[in-house]
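# give me a 3D structure for the following:
(one chain, ligands or ions: 1)
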Amino acid sequence: MIPAIKWDQGVLSLLDQRLLPHETKYVTCTDHRQMAKAIKDMVVRGAPAIGISGGYGLALAAIESTMEFGCGNGNRDALAAAEQFLREAASSLIAARPTAVNLAWAVERVLNTALSSLGKDGIRCAAEAALSEARSIELEDIEVNHKIGINGAALIKPGSSIMTHCNAGALATGGWGTALGVIRQAWSENKVAMVYANETRPFLQGARLTAWELVQDGIDVTLLVDSAAGYLMSLGKIDAVIVGADRIAANGDVANKIGTYTLACLCRQHDIPFYVAAPVSTFDLSLACGREIHVEERSESEVLEFMGKAVAPAGAKALNPSFDITPGTLVSAIITENGTVFPPIEENLAGVVKRG
Ligand code: MRU
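Predicted coordinates:
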């Protein structure tokens with residue numbers, strides 16, 4: 001698999017996911033502002049992948065602060081200025097994509113590491129500590145995905161046709177994937193007959209990214225327009241739906257790519273299991289329910305245009321919420337690296353996610 005995120009000697013390269021599947025080109029970021037822009041513009045996307053990128057973005061800010069304020073040893077003004085610079089950089093990175101909590105989680109984790117080192121050992125040590133923390137987040141994520149894959153594959157019956165939505169694969173994570181990690185693991189256990197990937201309007205993560213990943217792996221994939229999902233289910237062609245998540249509230253409500261809620265309702269209607277695969281870092285237990293989740297709205301042009309060409313008359317308006325909220329009551333199980341949470345999800349969450 002081509003890596004979505006690469007760090008090499010002070011430069012973070014992001015595989016430009018806007019160009020896939022036609023071109024594999026990298027965009028380079030050498031400061032935190034470039035990183036925030038790349039996250040906002042969807043060069044990199046997917047909750048865990050933007051978390052990893054945000055972590056490296058804060059590490060870049062810490063490196064920038066060594067150039068701006070020197071080593072800072074014994075200079076209280078320089079240390080205070082570096083701290084303010086890092087806090088502002090963290091805020092701008094977190095604001096780039098507001099729904100996926102993994103971004104705030106990773107940026108704050110690197111920020112806290114940098115700040116505790118800053119007070120003790122100065123700016124240069126803070127930058128080294130920040131970079132090492134960002135690297136750890138990336139490496140941990142790959143391991144976490146493999147555990148999610150193993151836990152999730154245990155739920156898949158042999159001969160299953162599985163539907164997925166958006167891209168929760170290697171491109172959306174440090175590698176392997178959450179929902180696609182489960183599918184990859186189940187495929188390796190010969191349990192998967194077919195993967196149905198919804199194309200995922202308007203950004204086409206399903207068509208451009210999920211289909212691309214699965215074709216590369218030699219996993220059978222059939223692409224569907226999003227609105228075909230219900231019909232396929234009514235024909236008895238879908239045995240399970242597995243999606244990723246961008247944020248999960250304390251009661252099990254799940255924010256994920258727009259269209260996910262529709263699939264969960266359809267699964268309830270057709271008695272099909274609806275699984276969510278996500279790392280523990282995607283839970284936000286500070287929120288009681290999904291109504292408190294900030295749903296990002298993206299530009300109208302993503303809906304009104306297709307590959308730069310208008311597909312609607314001038315003067316038409318578009319609404320483009322990028323995510324929706326699926327009530328936890330529609331979720332058959334949430335698969336995490338620490339184990340699988342079954343209903344009642346709110347009560348059973350405590351077994352895998354610790355309250356901070
Ligand atoms: O807008 P995107 O492409 O960042 O949205 C991504 C999704 O909604 C994914 O399904 C989610 O982040 C889970 S990724 C492992």
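
# state the next helix or strand along the chain beyond the lengthiest helix in the chain.
Looking across the chain with DSSP state H, the single longest helix is helix 123-153. The C-terminal neighbour of helix 123-153 among helices and strands, as given by DSSP states H and E, is strand 160-164.

# for the protein, what lies in contact range of the ligand?
Residues of the chain lying close to the ligand by Cβ under 6 Å from any ligand atom are 45-48, 100, 166, 168, 172-173, 178, 205, 243-246, 256-257, 322. Where you see a C-beta, it was placed from the backbone N, CA and C, and this is true even at glycine.

# repeat the analysis, applying 5 Å as the threshold.
Within reach of the ligand by Cβ under 5 Å from any ligand atom, the chain has these residues: 45, 46, 47, 166, 168, 172, 178, 205, 244, 246, 256, 257.

# between those residues, which has the most around it?
Counting by other Cβ atoms under 10 Å, residue 168 has the largest number of neighbours within the residues of the chain next to the ligand, with 34 neighbours.

# which residues sit in contact with it?
Neighbour list for residue 168: 46, 177, 178, 179, 180, 243, 244, 277 [criterion: Cβ atoms under 8 Å, 6 or more residues apart in numbering].

# give me the distance between it and residue 316.
From residue 168 over to residue 316 the distance is 31 Å, taken as Cβ to Cβ, to the nearest Å.

# tell me the residue of the stretch 251-356 of the chain that sits nearest the ligand?
When distances are taken as Cβ to the nearest ligand atom, the stretch 251-356 of the chain reaches nearest to the ligand at residue 257, 3.4 Å away.

# beta-bridge partners for that residue, please?
Per DSSP bridges, residues listed as beta-bridge partners of residue 257: residue 323.

# one step back: would you mind listing the buried residues in the longest helix of the chain?
Burial within helix 123-153, assessed by neighbour count using 16 or more other Cβ atoms under 10 Å, is assigned to 123-131, 133-134, 137-138, 141-142, 144-153.

# packing partners of that helix?
strand 5-8, helix 47-69, helix 76-95, helix 101-121, helix 179-188, strand 274-277, strand 333-336, strand 339-341 (3 or more Cβ pairs under 8 Å, 6 or more residues apart in numbering; DSSP states H and E).

# now with 7 Å?
Counting contacts by 3 or more Cβ pairs under 7 Å, 6 or more residues apart in numbering; DSSP states H and E, helix 123-153 is packed against helix 47-69, helix 101-121, helix 179-188, strand 274-277, strand 333-336.

# quick one, that helix and helix 47-69 angle?
Regarding helix 123-153 and helix 47-69, their directions subtend 180 degrees when assessed with axes from the mean of the first three to the mean of the last three Cα atoms, to 10 degrees.

# how far does helix 123-153 sit from the chain's center?
With Cα atoms, centre = their mean, to the nearest Å as the basis, the distance from the averaged C-alpha position of helix 123-153 to the chain average is 14 Å.

# state the mean pLDDT of it.
Mean pLDDT, helix 123-153: 97.

# now do it against helix 101-121, angle only.
Helix 123-153 runs at 150 degrees relative to helix 101-121, counting by the same axes, to 10 degrees.

# angle of helix 123-153 against helix 179-188?
Helix 123-153 runs at 50 degrees relative to helix 179-188, counting by the same axes, to 10 degrees.

# relative to helix 76-95, how tilted is helix 123-153?
Relative orientation of helix 123-153 versus helix 76-95 (the same axes, to 10 degrees): 30 degrees.

# of the residues of the chain next to the ligand, closest to residue 39?
The shortest separation between residue 39 and any of the residues of the chain next to the ligand is 7.9 Å, and it belongs to residue 45 (by Cβ to Cβ).

# SS state for the closest residue to that closest one other than its chain neighbours?
Counting by Cβ to Cβ, 6 or more residues apart in numbering, residue 17 is the residue found nearest to residue 45 once chain neighbours are left out, at 5.9 Å. Secondary structure for residue 17, judged by DSSP: H, G, I helix; E, B strand; the rest coil, is coil.

# residue 17 and residue 46 touch, don't they?
No. Under the criterion of Cβ atoms under 7 Å, residue 17 is not in contact with residue 46, lying 8.4 Å apart.

# overlap in contacts, the two.
Here residue 17 and residue 46 share the contacting residues residue 171, scored by Cβ atoms under 7 Å, 6 or more residues apart in numbering.

# right, and the ligand sits closest to which residue of this protein?
residue 244 (2.6 Å).

# gap between that residue and residue 128?
32 Å.

# what do you get for residue 170?
For residue 170, the distance to residue 128 under the criterion Cβ to Cβ works out to 28 Å.

# before we move on, what about residue 83?
As judged by Cβ to Cβ, residue 83 and residue 128 stand 16 Å apart.
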